[in-house]
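# Quick one, what's the 3D model for this:
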Amino acid sequence: MKYLVVGVGAIGTIISKDLAQAKETTELGLADINLEFAQELAEEIGGVSKAIHLDIYDKTLLRKVIKDYDVVVNATGPFYKTAKRVIEACIDEKIDYVDIADDSAAVEVLLEYDEKCKEAGITALICQGVSPGTTNILALLGSKQLDETDEIHTNWIVSGLSESNTIRNLGATYYHALEMSTGTNPQFLDGEMVRVESATGTKEVQFIAPKDKYPVHYVGHGEPITLSMNIPNVKTVTNRGNIWPAEMDVASLKGFEAMGLAEDTTINVKGMEINRRDIAVALITEGFLMDPALFKDAEKVEFQVHVEVSGKKDGKDLVYEYTCACEMNPATGLSASYGAQAVAHAKEKMTGVVAPEQYIEIKPYLQYLESKGFEFYVTITQDGRAGEPELLKTEKI
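From the prediction side, this is the model:
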């Protein structure tokens with residue numbers, strides 16, 4: 001099986017290393033605009049891997065590179081900019097596609113390619129990361145425990161103190177942060193898709209860490225869009241997130257919105273057209289990140305996921321809460337690697353644009369992540385009485 005990973009930053013590197021270990025991988029293309037990055041990774045992985053220079057904005061080159069592969073994994077963000085280009089090339093060349101798209105804006109665009117993907121006979125598995133991705137699978141698991149699913153709330157926090165937050169590793173993260181945390185974003189509320197002000201709708205959620213509840217806000221991720229389409233009769237689906245510690249709260253990014261620097265448009269500066277977000281990202285890079293030394297005694301938080309699914313079973317009110325503590329980059333990359341392998345080895349091909357909850361089987365997916373060291377916990381609340389968090393027994397799913 002021949003895989004092409006487009007974008008070998010932090011997450012693309014994890015995807016590549018995991019795919020290189022897959023038993024039936026015969027070729028692994030490592031494509032990046034920075035050929036040096038790709039060459040370094042190819043030398044480290046060795047074996048079936050090879051480095052490829054690729055600029056996704058060069059349509060001819062993009063089609064030429066992808067045409068010899070079975071599955072293309074798009075790990076180049078921000079996805080509101082890049083997803084359209086890569087999926088169009090895959091449609092043209094009839095190559096299966098997987099991505100880790102997280103921006104709600106990207107998801108809205110990607111879904112418009114459903115018919116074209118069906119006509120091309122390809123599978124386009126989108127949002128196969130952690131949020132969205134693993135959150136979708138946990139939401140699906142909870143809904144399957146219920147006769148009626150009323151509400152799904154997906155929540156996450158990520159540490160701004162992570163040692164993995166280098167400039168190379170962050171890549172498009174700042175652009176995504178501005179996209180999801182400013183302007184408006186879609187949430188599915190009371191049976192209707194509405195646009196809400198980003199970084200509002202604040203509530204406190206108990207994650208595994210920190211020990212105290214932490215505030216999360218409405219942000220522009222894909223879960224409300226696809227889960228509301230694919231979980232029968234669900235009335236509310238939300239996504240809320242934040243950065244830890246509080247000094248890096250995503251709500252602070254609203255300041256760039258107030259200055260007119262949050263939109264993906266240009267502004268004329270002394271005769272030069274400059275993207276407003278480029279200015280904001282330059283300022284964020286210079287001053288937004290905290291010095292970890294100032295927080296040497298802080299709790300270890302990393303990436304935290306919390307999914308709450310509520311509804312009825314046998315006439316009783318039930319709430320399932322799933323939590324997981326992990327590192328964001330492995331959680332995203334390993335999910336995408338699994339998705340690519342699932343697409344490559346599907347017994348029955350499902351064409352069109354599909355979300356994780358439509359395509360991925362719950363049990364083998366969670367067990368795959370468990371085999372990589374992830375642990376999932378579940379808390380069940382029945383008729384208002386909450387049980388204790390317990391390790392999720394995936395073998396009983």
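
# Using CSV, write out every CA atom in stretch 78-94.
Taking C-alpha atoms only, stretch 78-94 is exported to CSV below (Å, rounded to 0.1, in the frame of the first residue of the first chain):
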residue,chain,number,x,y,z
PRO,A,78,-4.6,25.8,8.2
PHE,A,79,-7.3,23.7,6.6
TYR,A,80,-9.6,26.6,5.8
LYS,A,81,-6.8,27.5,3.3
THR,A,82,-5.4,24.2,2.2
ALA,A,83,-8.1,21.5,2.3
LYS,A,84,-9.8,22.6,-0.9
ARG,A,85,-6.6,22.4,-3.0
VAL,A,86,-5.6,18.9,-1.9
ILE,A,87,-9.1,17.3,-2.1
GLU,A,88,-9.6,18.8,-5.6
ALA,A,89,-6.3,17.2,-6.8
CYS,A,90,-7.4,13.8,-5.2
ILE,A,91,-10.7,14.0,-7.1
ASP,A,92,-9.0,14.8,-10.3
GLU,A,93,-6.6,11.9,-9.9
LYS,A,94,-9.2,9.6,-8.3
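
# quick one: that stretch to chain centroid distance?
Remark: stretch 78-94 is offset 17 Å from the chain centroid, using CA atoms, centre = their mean, to the nearest Å.

# How about the secondary structure of the residue lying closest to Thr236 once chain neighbours are set aside?
Nearest residue to Thr236, sequence neighbours excluded (CB to CB, 6 or more residues apart in numbering): Glu151, at 4.3 Å. Where C-beta positions appear, they are placed from N, C-alpha and C, glycine not excepted. Three-state call for Glu151 (DSSP: H, G, I helix; E, B strand; the rest coil): strand.

# tell me the domain boundaries of this structure?
Using automatic domain parsing, the domain parsing of the chain gives 2-129+330-360, 134-327+371-386.

# Direction included, what does the helix or strand harbouring Val353 pair up with?
Element membership of Val353, judged by DSSP states H and E, is strand 352-354. Looking at strand 352-354 with DSSP bridges, its partner strands are strand 123-125 (parallel).

# next one: phi and psi at Glu24?
The phi and psi values for Glu24, taken as degrees, to the nearest 10, are phi -100, psi 20.

# hang on, isn't it packed against Lys2?
No. In this structure Glu24 lies outside contact range of Lys2 using CB atoms under 8 Å: 10.0 Å.

# Between these two, which is the more surrounded one?
A direct count of neighbours by other CB atoms under 10 Å for Glu24 and Lys2 places Lys2 higher, at 16 against 8.

# can you pull the contacts of the more buried one?
Contact partners of Lys2, counting by CB atoms under 8 Å, 6 or more residues apart in numbering, are Thr25, Thr26, Glu27, Leu28, Gly29, Asp68, Tyr69, Asp70, Val71.

# State the number of residues packed around the residue nearest to Gln367 when sequence neighbours are not counted.
Excluding the flanking residues, the one nearest Gln367 by CB to CB, 6+ apart is Thr394, at 5.2 Å. Thr394: 17 surrounding residues under other CB under 10 Å.

# most tightly surrounded among the domains of the chain?
Using mean count of other CB atoms under 10 Å, the stretch among these with the largest mean neighbour count is domain 2-129+330-360, at a mean of 21.

# gap between the two ends of it?
End-to-end distance for domain 2-129+330-360: 20 Å, by CA to CA, to the nearest Å.

# From what I see, Ile95 and Val71 are in contact.
Yes. With contacts counted by CB under 8 Å, Ile95 reaches Val71, the gap being 7.2 Å.

# tell me the pLDDT at Arg167?
You called it Arg, but residue 167 is Ile. Note on Ile167: pLDDT of 41.

# contacting residues for the residue nearest to Thr236?
Contacts of Glu151 (CB under 8 Å, 6+ apart): Val234, Lys235, Thr236, Val237, Glu308, Val309, Ser310, Gly311.

# Among these, which are located in strands?
Applying DSSP state E to those, the entries found in strands are Thr236, Val237, Glu308, Val309, Ser310, Gly311.

# ok, the second one touching Pro186?
No. If you go by CB under 8 Å, Val237 and Pro186 don't touch, sitting 9.8 Å apart.

# returning to that earlier point: report the rounded mean pLDDT for the strand holding Val353.
In the prediction, strand 352-354 has an average pLDDT of 98.

# does Pro186 sit in a helix or strand, and which one?
strand 184-189.

# For the next helix-or-strand element following that strand, which outside residues touch it?
Remark: after strand 184-189, the chain's next helix or strand is strand 192-197, criterion DSSP H and E. Here strand 192-197 makes contact (CB under 8 Å, 6+ apart) with Thr184, Asn185, Pro186, Gln187, Phe188, Leu189, Tyr218, Pro224, Ile225, Ser228.

# and which of these is nearest to Thr202?
Closest approach between the contacts of strand 192-197 and Thr202, by CB to CB: Tyr218, at 8.2 Å.

# Look up the closest residue to that closest one, ignoring the ones flanking it.
Gly201 (4.0 Å).

# where's that neighbour relative to Lys254, distance?
From Gly201 over to Lys254 the distance is 14 Å, taken as CB to CB, to the nearest Å.

# Could you do Arg85 as well?
Taken as CB to CB, the span from Arg85 to Lys254 is 29 Å.
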